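> sharing a model prediction with you, sequence too.
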Amino acid sequence: MNVSKTVPFITILAIWLVVLTPSWSGQWETLQPVGDFDFFSVAFISTTEGFAVGSDPFEYEKPGAIGHTTDGGKTWKKVDNVAFESDLKSVFFLDDKNGWAVGANGLIVATDDGGKTWDPQTSKVGNGLSCVSFVDTKIGYIGGEGETILKTTNGGRTWKVLTGGQAASGFGDDDTSVFSAIHFADANTGYVAGVRITPSNQGQETLIQKTTDGGKTWLKQPTNTEDILEDMFFINETTGWAVGENGVIFTTTDGNSWKALDSGSEEKLRSVRFVSANTGWAVGGDMGVNVILHTEDGGTTWTDQSSGKLFAYDVFSIDTNNVWVAGQNAIIMKYTK
């Protein structure tokens with residue numbers, strides 16, 4: 001063997017493989033290709049146990065359903081004796097015991113036993129509710145249609161309407177806001193994101209608002225765009241991302257000003273999640289289009305990890321080895337690095 005020729009060849013081959021190997025070097029595995037109902041939102045309380053909420057199209061009177069897994073998402077079963085008259089849109093767990101889910105027609109349900117039982121809570125509104133955030137077992141906030149923001153200081157036994165709250169009956173001719181995402185860093189500092197609809201001038205604008213007094217007052221943070229925002233996620237008190245229509249992604253590092261990022265996609269992004277200030281995912285798509293984008297530099301650049309034709313509703317992560325995507329027809333995918 002001619003060592004002098006072989007060694008350089010091996011070196012060149014190794015360099016070539018490094019160059020062509022994606023920086024994310026992980027893979028997505030479809031755990032559940034199809035299930036009983038659409039999963040709109042998913043949350044895991046450990047690497048093995050999680051919950052998904054959504055709508056069962058075959059249950060006409062009580063379509064709202066909750067799925068449960070104990071094997072990391074490989075198999076899912078409906079939670080026994082749990083069904084609701086309205087779809088569930090979002091689920092949030094504060095810890096391994098306390099969780100809340102919200103949905104259409106002002107629906108709020110909660111668990112304090114790790115998802116074994118779910119009890120309705122009175123919202124006092126008829127609007128569609130789309131997002132929920134708790135800072136501890138007592139203080140929580142919910143956002144939704146018709147400028148609705150709700151607050152509780154007793155774990156949801158009672159909810160106070162901070163803004164909006166009219167029963168939803170279409171947007172009509174009145175100016176209104178729809179809040180698709182909500183996040184609170186502490187009891188006083190929080191954000192909502194969505195869209196401001198203004199039929200009075202036949203327009204709309206991207207909406208991000210911030211409060212520093214527990215929701216009493218809200219200050220609009222400009223983005224100078226018209227796209228609807230679907231989700232937001234913060235890695236700490238001041239660093240966050242928001243995603244929405246037409247592939248838009250915004251980021252903030254000071255909690256006050258937002259900068260647009262180039263996602264490389266024009267598809268609707270429905271959910272965003274980061275495991276660190278650098279590493280995160282944005283997912284979405286529409287009929288026949290699956291979109292999964294990945295970044296390892298805080299969103300400056302994004303890599304396309306899309307797979308299949310079923311679009312994604314939500315992404316949830318614990319760490320880089322435990323990232324799940326939930327979507328159309330109850331598809332569940334998991335990313336491991």
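That came through fine.
> secondary structure element holding the residue nearest to the spatial centre of the chain?
Nearest residue to the geometric centre of the chain (CA atoms, centre = their mean): Ser271, 4.0 Å. For Ser271, the host element (DSSP states H and E) is strand 269-274.
> okay, buried residues for that strand please.
Buried residues in strand 269-274, counted by 16 or more other CB atoms under 10 Å: Leu269, Arg270, Ser271, Val272, Arg273, Phe274. In short, each C-beta sits where N, CA and C put it, glycine included.
> and what of stretch 244-263?
Buried, per 16+ other CB under 10 Å, within stretch 244-263: Gly244, Glu245, Gly247, Val248, Ile249, Phe250, Thr251, Thr252, Gly255, Trp258, Leu261, Ser263.
> quickly list what the fifth one is bridged to.
According to DSSP bridges, the partner residues bridging Ile249 are Val243, Leu261.
> surely it and Gly298 touch.
No: here Ile249 does not reach Gly298: they are 10.8 Å apart, not a contact under CB atoms under 8 Å.
> check the residue nearest to the centre of the chain and give its pLDDT.
The model reports Ser271 with a pLDDT of 98.
> how about Val283, what does it touch?
Val283 is in contact with 269-272, 291-293, 312-315, 325, 327, counting by CB atoms under 8 Å, 6 or more residues apart in numbering.
> mind redoing it with 10 Å?
For Val283, the contact set (CB atoms under 10 Å, 6 or more residues apart in numbering) comprises 231, 243, 267, 269-273, 290-294, 305-306, 311-315, 323, 325-327, 333.
> how close does it sit to Asp304?
For Val283, the distance to Asp304 equals 11 Å [CB to CB, to the nearest Å].
> what of Asp314?
Taking CB to CB, one finds Asp314 at 19 Å from Asp304.
> Asp262 touches Thr301, doesn't it?
Yes: with contacts counted by CB atoms under 10 Å, Asp262 reaches Thr301, the gap being 8.1 Å.
> got a list of what the residue nearest to the centre of the chain touches?
So Ser271 contacts 40-42, 181, 230-233, 243, 281-284, 312-316, 325-327 (CB under 10 Å, 6+ apart).
> one more pass at 6 Å, please.
Asp231, Val283, Asp314, Val315 (CB atoms under 6 Å, 6 or more residues apart in numbering).
> measure how the helix or strand encompassing the last one sits relative to strand 269-274, angle-wise.
Using DSSP H and E, Val315 maps to strand 312-319. Using axes from the mean of the first three to the mean of the last three CA atoms, to 10 degrees, one finds that strand 312-319 and strand 269-274 are set 0 degrees apart in direction.
> which other helices and strands contact strand 312-319?
Contact partners of strand 312-319 among helices and strands, from 3 or more CB pairs under 6 Å, 6 or more residues apart in numbering; DSSP states H and E: strand 38-44, strand 269-274, strand 280-286, strand 322-327.
> the residue nearest to the centre of the chain and Val42: what is the separation?
Counting by CB to CB, the gap from Ser271 to Val42 is 9 Å.
> same question for Gln27.
Using CB to CB, we find Gln27 at a distance of 19 Å from Val42.
> the two: which has the busier surroundings?
Val42 (26 against 12; other CB atoms under 10 Å).
> okay, now the unreliable bits of this protein?
Along the chain, segments meeting pLDDT under 70 span 1-25, 165-173.
> list residues touching both of Ser271 and Val42?
Asp314.
> pairing partners for Ala101 in the sheet, please.
Val91, Val109.
> so it sits against Leu88, correct?
Yes: with contacts counted by CB atoms under 6 Å, Ala101 reaches Leu88, the gap being 4.9 Å.
> I'm done for today, thanks for sticking with me.
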